[in-house]
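Undergrad: okay, structure incoming, though there's no sequence with it:
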């Protein structure tokens with residue numbers, strides 16, 4: 001397995017030139033644990049590496065730290081020394097979501113990915129509003145979207161077709177396929193996407209069959225899979241950590257734990273781009289500060305009442321507006337906290353410097 005098989009290209013080679021002069025080597029990260037990283041070198045050798053202190057301190061936030069899929073400059077270790085990540089190359093694409101919980105930061109799901117495959121089904125997991133959020137994040141990342149309406153063997157044919165058609169109508173840039181990991185339906189289509197050097201990130205809710213699909217593409221039981229609950233249609237938790245998996249036939253997959261939260265971490269401009277049709281209607285509202293709820297002269301409400309705008313899309317638009325407003329508020333609080341920390345740190349440094357100067361004076365006997 002060569003660097004080219006892993007996705008290396010002339011752009012990365014140019015960015016790496018200064019580090020090659022230092023004797024460092026390129027590597028691609030395939031795994032992240034609480035204590036170290038797994039990576040592939042040029043000859044396909046898999047190694048464990050630790051993060052260099054400078055990379056850690058220069059990261060403005062967690063999203064700037066190395067993630068699965070990143071290309072890094074690696075200092076080779078020896079029998080008694082660790083391999084050390086000395087730098088992270090600029091990312092070609094970056095698929096990320098808002099970190100779960102109250103944080104306003106981004107969580108990188110996969111770096112330098114070409115395709116993001118969203119796995120869902122036509123039954124309990126089917127949710128167009130969540131799919132809208134996926135599409136917004138994928139568009140932001142720079143990758144292409146592929147949607148797998150999986151477990152087709154569990155639902156009527158017409159139900160699968162209807163789900164696929166509704167998802168395809170949300171975004172013209174998405175390729176939507178009906179698949180079944182159990183019967184291998186549609187896997188030939190997936191394999192056409194996965195060529196040498198191509199990385200696909202597989203995401204979706206827990207229990208929709210992501211790990212089973214990875215197993216079939218890999219050709220063996222790469223991820224442990226559990227039985228499905230007949231009442232809920234959900235599988236047992238199978239994938240517990242993010243990992244890049246090279247495939248025997250070419251291409252790579254990044255399998256992910258099931259995602260319970262798909263929240264925006266971007267700014268208002270991304271929301272406007274994704275809801276340009278709603279924005280065009282809003283331009284005709286009577287008042288510029290219209291809340292688009294019950295205000296008099298609201299063009300959006302009129303469009304909903306007349307049937308020209310889907311009420312669910314209107315509701316999604318309002319929910320995302322509220323979510324981004326909350327993110328801005330949390331981001332502002334974080335900015336203020338960072339400023340307070342910086343001021344306190346500067347005071348401590350100044351006090352330590354004064355103490356050191358005074359100590360040197362005392363040692364010299366200065367009056």
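TA: Here it is on my side, so go on. Keep in mind it's a predicted model, so treat the numbers as computed, not measured. Residues are numbered from 1 along each chain as shown.

Undergrad: next SSE after the helix or strand of the chain with the lowest mean pLDDT?
TA: Counting by mean pLDDT, DSSP states H and E, the chain has its least confident helix or strand at helix 268-274, which shows a mean of 60. Sequence order places helix 276-282 as the next helix or strand after helix 268-274, per DSSP states H and E.

Undergrad: continuing past that next one, what's the next helix or strand?
TA: Heading C-terminal from helix 276-282 (DSSP H and E), you reach helix 299-306.

Undergrad: give me the helices and strands touching that next one, please.
TA: helix 276-282, helix 311-364 (3 or more C-beta pairs under 8 Å, 6 or more residues apart in numbering; DSSP states H and E). Where C-beta positions appear, they are placed from N, C-alpha and C, glycine not excepted.

Undergrad: quick one: the strands in the protein?
TA: For the chain, the strands defined by DSSP state E cover 25-32, 37-40, 46-51, 71-75, 83-88, 94-98, 106-111, 115-121, 144-150, 174-178, 199-204, 243-246, 252-255.

Undergrad: can you tell me the closest non-neighbouring residue to residue 127?
TA: Among residues not flanking residue 127 along the chain, residue 120 sits closest, at 7.6 Å (C-beta to C-beta, 6 or more residues apart in numbering).

Undergrad: roughly how far apart are residue 79 and residue 33?
TA: 22 Å (C-beta to C-beta, to the nearest Å).

Undergrad: looking at the two, which one has more neighbours?
TA: Ranked by neighbour count (other C-beta atoms under 10 Å), residue 79 and residue 33 place residue 33 first, with 9 against 4.

Undergrad: phi first, then psi, for that one.
TA: The phi/psi pair for residue 33 (degrees, to the nearest 10) reads phi -120, psi 170.

Undergrad: can you list the domains in the protein?
TA: Annotated domains of the chain cover 10-88, 94-255, 267-367 [automatic domain parsing].

Undergrad: tell me the most buried of those domains?
TA: Of all the domains of the chain, domain 94-255 carries the top mean neighbour count, a mean of 19, counting by mean count of other C-beta atoms under 10 Å.

Undergrad: how long is that domain end to end?
TA: Domain 94-255 has an end-to-end distance of 15 Å (C-alpha to C-alpha, to the nearest Å).

Undergrad: what pLDDT, on average, does it get?
TA: For domain 94-255, mean pLDDT rounds to 79.

Undergrad: now do the helices in the stretch 51-200 of the chain.
TA: Assigned by DSSP state H, counting those that start in this stretch, the stretch 51-200 of the chain shows helices spanning 53-58, 128-141, 157-170, 187-193.

Undergrad: Serialize those helices to TSV and add fields for distance to residue 328.
TA: Below are the helices of the stretch 51-200 of the chain laid out as TSV (distance: least, C-beta to C-beta, whole Å):
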stretch	distance to residue 328
helix 53-58	26
helix 128-141	17
helix 157-170	25
helix 187-193	36
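
Undergrad: residue 109 is nearest to which of those helices?
TA: Closest to residue 109 of those is helix 128-141 (C-beta to C-beta; 8.5 Å).

Undergrad: could you check the angle that closest one makes with strand 106-111?
TA: 70 degrees (axes from the mean of the first three to the mean of the last three C-alpha atoms, to 10 degrees).

Undergrad: who does helix 128-141 touch, helix- and strand-wise?
TA: Counting contacts by 3+ C-beta pairs under 8 Å, 6+ apart, helix 128-141 packs against strand 94-98, strand 115-121, strand 144-150, helix 157-170, helix 268-274, helix 311-364.

Undergrad: okay if I get the ones you listed as a markdown table plus distance to residue 219?
TA: Formatted as a markdown table, those follow (distance: least, C-beta to C-beta, whole Å):
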| stretch | distance to residue 219 |
| --- | --- |
| strand 94-98 | 25 |
| strand 115-121 | 18 |
| strand 144-150 | 18 |
| helix 157-170 | 26 |
| helix 268-274 | 38 |
| helix 311-364 | 39 |
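
Undergrad: right, and those - which one's nearest residue 28?
TA: strand 94-98 (14.5 Å).

Undergrad: about what we covered before: can you tell me which of the strands of the chain comes nearest to residue 280?
TA: Evaluated over those, closeness to residue 280 peaks at strand 174-178, with 21.7 Å, by C-beta to C-beta.

Undergrad: tell me the gap between the closest one and the middle of its chain.
TA: 20 Å (C-alpha atoms, centre = their mean, to the nearest Å).

Undergrad: cool, and stretch 129-139?
TA: Put simply, stretch 129-139 sits 11 Å off its chain's centre (C-alpha atoms, centre = their mean).

Undergrad: likewise stretch 63-79?
TA: Mean-position distance between stretch 63-79 and its chain equals 18 Å (C-alpha atoms, centre = their mean).

Undergrad: average pLDDT across that stretch?
TA: Computed over stretch 63-79, the average pLDDT equals 88.

Undergrad: same deal with stretch 336-351?
TA: 70.

Undergrad: excluding its backbone neighbours, what's nearest residue 155?
TA: Closest residue to residue 155 apart from its sequence neighbours, by C-beta to C-beta, 6+ apart: residue 122 at 4.6 Å.
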